[in-house]
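Asker: how would this look folded up:
(2 chains)
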Number of protein chains: 2
Amino acid sequence: MPRTSEPGRSVSSRLLEVLFAFEPDQSTLSLADLVRKTGLPHATVRRLALELTDVGALSRQHDGRFTIGLRLWQLGTLAPLTESLRSQAQPFMEDLYTALHQHVQLAVLEGSEAVIIERLSAPRAQHLVSHVGGRLPLHCSGVGKVLLAHAGADLIERILSGTLRRYTPQTNTDSTVLRSELAEIRRTGHATVRSELTPGADSLAARVVDGEGRVVAALSVVVRTGSVLHQAALPSLIAAGLGVSRMLGWRPGTRIREA
Amino acid sequence: MPRTSEPGRSVSSRLLEVLFAFEPDQSTLSLADLVRKTGLPHATVRRLALELTDVGALSRQHDGRFTIGLRLWQLGTLAPLTESLRSQAQPFMEDLYTALHQHVQLAVLEGSEAVIIERLSAPRAQHLVSHVGGRLPLHCSGVGKVLLAHAGADLIERILSGTLRRYTPQTNTDSTVLRSELAEIRRTGHATVRSELTPGADSLAARVVDGEGRVVAALSVVVRTGSVLHQAALPSLIAAGLGVSRMLGWRPGTRIREA
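Answerer: Next up is the predicted model:
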């Protein structure tokens, strides 16, 4: 979000604005782009961008434009949630992939969206717009519904009382329907979403629970509508969700905690 | 590396020092840890750490210690090399994993080390110390030897003229032997490393080449010594390396370029 330069903005906040100007669909930026996106003076942006490049946080292409650098990527891999969750979940995701040969995704809640922290993709399966680091809406994606169902009451009410954006003709935009779906997901631990986010793509999602009974992630299989019998995929997905949960210390009988 | 506070250090460089204080084996840091590692005054470190936490670059645990935050992780996923390479390589890595059920790794050269940018792990295969974002030495790891063999003459001479650190009794520390190994790897495109980095772990590695003939990555399978016949694993690894290369625009006959 572009802002005008405020004299009171600290140098460190300016540096962070330059960094966070990089976004999934705008991951290669020229100096002019950075000036436009941050609202900072050209000279300031130039100095900060070069400083970030010096330490490897940004990288400069032959055409002079900037991208996120490998060193910042490495730093990001130290984020504890993604590091431990990803490593615990990966073997189960690989087994699911081997069994089903469909997209397998792992997502966590951040703010009011689901963030994909790991994904295994089948080359010839349904094409997806999502990618690792990408975000999905809570009200109409499989992982989103599972994460929302187990989120705090504040977030649930905020989503239910807001506008439920329509992505496809199948997207449910009725908050009463969504509210009863969320109750059912809390009861069963899994969700089935049919073409609500992408036409022709269905998502089966199951919760991942830690040792204290908190739902920390959702695991999903995304399939082309009709390509795999949901009844066949669902048990293996549920088993994988329970398997990852066990690795995180969950045991049968652990009560699911309200967020 | 701790440094004493220099009055001339810019605010932005201080912020970056706080960020880069987080390392693979020190990924959860208290304020006192950050003060010690950066050499900055306590009040400065506290202000910067809280500012980084506010924007999601850091995350604060219940015990008050800091970790890298999910938002910084997301930012890191935008690094172009890892993003495109990982997504192109992943299907081939999954097929290799399905066929062999052994660790499969993808690494790129950064500075004078190999950095693992993707890894699929077999739960019951050889235990490895490496992880995504982790670094491996060039002179005695599979991916390292492949990347070094195709690196610039400057880097090769610098590694050969330096000390070749011994990790196991099998680590080759003779630069003459390494030089001839590198020539052989350039000729064949692949390397076999036996227990040179971890006792009992062998690594088979193959180069990944882009459309201009540049070696941009190395793909490896790490197996427990004797657990899989090298002769059986090598052809599938080489085929996977060529498969990823094709996705990057490489075609048979493209000349491998000197770095």
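Asker: Low-confidence bits of chain A, can you list those?
Answerer: For chain A, the stretches with pLDDT under 70 are A:1-9, A:122-131, A:228.
Asker: Please work out the residue of it nearest to chain B and name it.
Answerer: Nearest to chain B in chain A, going by Cβ to the nearest Cβ, is A:Gly76, at a distance of 2.7 Å. To be clear about C-beta, it is placed using only N, CA and C from the backbone, and glycine gets the same treatment.
Asker: For that residue, give me its contacts.
Answerer: B:Ile68, B:Leu72, B:Trp73, B:Gln74, B:Leu75, B:Gly76, B:Thr77, B:Gly133 (Cβ atoms under 8 Å, 6 or more residues apart in numbering or on different chains).
Asker: in stretch A:250-259, what's buried?
Answerer: By neighbour count on 16 or more other Cβ atoms under 10 Å in any protein chain shown, the buried set for stretch A:250-259 is A:Trp250.
Asker: Alpha carbons only: can I get that stretch in CSV?
Answerer: What follows is stretch A:250-259, C-alpha atoms only, in CSV (Å, rounded to 0.1, in the frame of the first residue of the first chain):
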residue,chain,number,x,y,z
TRP,A,250,-1.4,-35.3,20.0
ARG,A,251,-2.9,-38.5,21.4
PRO,A,252,-6.4,-40.0,20.9
GLY,A,253,-8.7,-38.5,23.5
THR,A,254,-6.9,-35.2,23.7
ARG,A,255,-9.6,-32.6,23.8
ILE,A,256,-9.6,-30.1,20.9
ARG,A,257,-9.1,-26.7,22.5
GLU,A,258,-11.0,-23.6,21.5
ALA,A,259,-8.7,-21.0,20.2
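Asker: burial count for A:Ala191?
Answerer: 25 (other Cβ atoms under 10 Å in any protein chain shown).
Asker: Ok, A:Ala32 next?
Answerer: A:Ala32 has 11 nearby residues by other Cβ under 10 Å.
Asker: ditto for A:Tyr167
Answerer: A:Tyr167: 17 neighbours (other Cβ under 10 Å).
Asker: which residue ranges form the helices in the stretch 151-259 of chain A?
Answerer: A:153-161, A:175-188, A:230-247 (DSSP state H, counting those that start in this stretch).
Asker: and the longest helix for chain A?
Answerer: Determined from DSSP state H, the single longest helix within chain A is helix A:80-100.
Asker: Name the next helix or strand downstream of that helix, please.
Answerer: Moving toward the C-terminus from helix A:80-100, the next helix or strand (DSSP states H and E) is strand A:103-110.
Asker: ok and that following strand relative to helix A:80-100, angle-wise?
Answerer: For strand A:103-110 and helix A:80-100, the angle between their directions (axes from the mean of the first three to the mean of the last three Cα atoms, to 10 degrees) works out to 160 degrees.
Asker: which residues in chain A form strands?
Answerer: Secondary structure of chain A, counting by DSSP state E: strands at A:28-29, A:58-60, A:66-68, A:103-110, A:113-120, A:135-137, A:190-194, A:201-209, A:215-224.
Asker: out of these, nearest to A:Ser13?
Answerer: Comparison of the strands of chain A against A:Ser13 by Cβ to Cβ identifies strand A:58-60 as nearest, at 17.2 Å.
Asker: Spatially nearest residue to A:Gly243, not counting backbone neighbours?
Answerer: A:Phe92 (4.7 Å; Cβ to Cβ, 6 or more residues apart in numbering or on different chains).
Asker: and the one you found, how many neighbours does it have?
Answerer: There are 25 residues near A:Phe92, going by other Cβ under 10 Å.
Asker: my guess is it meets A:Ala240, correct?
Answerer: Yes: using Cβ atoms under 8 Å, A:Phe92 is in contact with A:Ala240, at 4.4 Å.
Asker: what do those two both touch?
Answerer: Shared contacts of A:Phe92 and A:Ala240, defined by Cβ under 8 Å, 6+ apart, comprise A:Leu219.
Asker: what's the burial count for A:Gly226?
Answerer: A:Gly226 sits with 9 neighbouring residues when counted by other Cβ under 10 Å.
Asker: Ok, A:Arg179 next?
Answerer: For A:Arg179, using other Cβ under 10 Å, the count is 13.
Asker: In contact with it, which residues?
Answerer: A:Arg179 neighbours (Cβ under 8 Å, 6+ apart): A:Leu160.
Asker: I figured A:Pro91 was touching B:His101, is that so?
Answerer: No: counting by Cβ under 8 Å, A:Pro91 stays clear of B:His101, with 10.3 Å between them.
Asker: which bits of the stretch 51-200 of chain A sit near chain B?
Answerer: Within the stretch 51-200 of chain A, the positions near chain B by Cβ under 8 Å from any Cβ of the partner chain are A:51-52, A:55, A:57, A:59, A:67-83, A:86-87, A:90-91, A:94, A:97-98, A:108, A:110, A:115, A:117, A:120-123, A:131-133.
Asker: Which ChimeraX command selects the buried ones in these?
Answerer: Paste this into ChimeraX to select the buried members of those, with burial taken from 16+ other Cβ under 10 Å:
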select /A:51,52,55,57,59,67,68,69,70,71,72,73,74,75,76,77,78,79,80,81,82,83,86,90,91,94,97,108,110,115,117,120,121,122,131,132,133
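Asker: Now the helices of the stretch 151-259 of chain A in CSV, please, with extra columns for distance to B:Val45.
Answerer: Converted to CSV, the helices of the stretch 151-259 of chain A look like this (distance: least, Cβ to Cβ, whole Å):
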stretch, distance to B:Val45
helix A:153-161, 32
helix A:175-188, 42
helix A:230-247, 35
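Asker: and those, which is most packed in?
Answerer: With neighbours taken as mean count of other Cβ atoms under 10 Å in any protein chain shown, those reach their highest mean count in helix A:230-247, at a mean of 18.
Asker: on contacts alone, who are the packing partners of it?
Answerer: helix A:80-100, strand A:190-194, strand A:201-209, strand A:215-224 (3 or more Cβ pairs under 8 Å, 6 or more residues apart in numbering or on different chains; DSSP states H and E).
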